[in-house]
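J.: When you get a sec, could you give me coordinates for this:
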Amino acid sequence: MESRLAESVGEAARGARLLAGLTQAEVAGRVGIAAEVYGRMERGKMMPSVPTLFRLCLALRLSADVGLGLATAASVGAALWEGDSGHRDQLPEMRKVLRTLRRMSRSQLNLMNQVAAAILPER
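T.: Below you'll find the predicted structure:
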């Protein structure tokens with residue numbers, strides 16, 4: 001049973017990772033584990049600890065029910081990444097901007113938000 005669970009977690013993680021357009025190394029970095037460890041988890045050769053599974057679900061925007069094989073993405077309302085499907089070609093640039101934004105203070109973020117709003121065309 002444990003091997004089936006590990007395979008289920010791995011399949012769900014791989015599907016969510018591919019849907020998000022991320023590499024194994026990127027997911028591993030977000031979760032705080034080595035890329036080799038993430039690769040073993042994704043192949044169903046290793047079970048994550050509960051805290052690691054929690055971080056994995058957050059990093060991949062994956063429901064824990066889907067990750068554990070208790071539900072499908074469709075049954076819990078499609079994966080959050082599907083809403084961004086029109087911007088999939090911009091994912092590398094968006095990740096780069098997000099990495100920069102994460103390093104900013106609250107006041108810097110407010111300023112960046114004002115700049116972004118000012119340069120966007122009106123709807």
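
J.: need the next SSE after the helix or strand of the chain with the lowest mean pLDDT, C-terminal direction.
T.: In the chain, no helix or strand scores lower on mean pLDDT, DSSP states H and E than helix 64-67, which sits at a mean of 75. Next helix or strand after helix 64-67 toward the C-terminus (DSSP states H and E): helix 91-102.

J.: quick one: the longest helix along the chain to helix 91-102, angle?
T.: For the chain, the longest helix by residue count, based on DSSP state H, is helix 2-20. Helix 2-20 runs at 90 degrees relative to helix 91-102, counting by axes from the mean of the first three to the mean of the last three Cα atoms, to 10 degrees.

J.: Buried residues in helix 2-20, which are they?
T.: 6, 8-17, 19-20 (16 or more other Cβ atoms under 10 Å). All C-beta spots, glycine's among them, are computed from the backbone N, C-alpha and C.

J.: with those in mind, which one is nearest to Asp65?
T.: Ala12 (9.6 Å; Cβ to Cβ).

J.: quick one, what contacts the closest residue to the closest one other than its chain neighbours?
T.: In space, Ala12 comes closest to Gly67 once its chain neighbours are excluded; the distance is 4.6 Å by Cβ to Cβ, 6 or more residues apart in numbering. By Cβ atoms under 8 Å, 6 or more residues apart in numbering, the residues touching Gly67 are Ser8, Val9, Ala12, Ala13, Ala16, Leu53, Leu56, Cys57.
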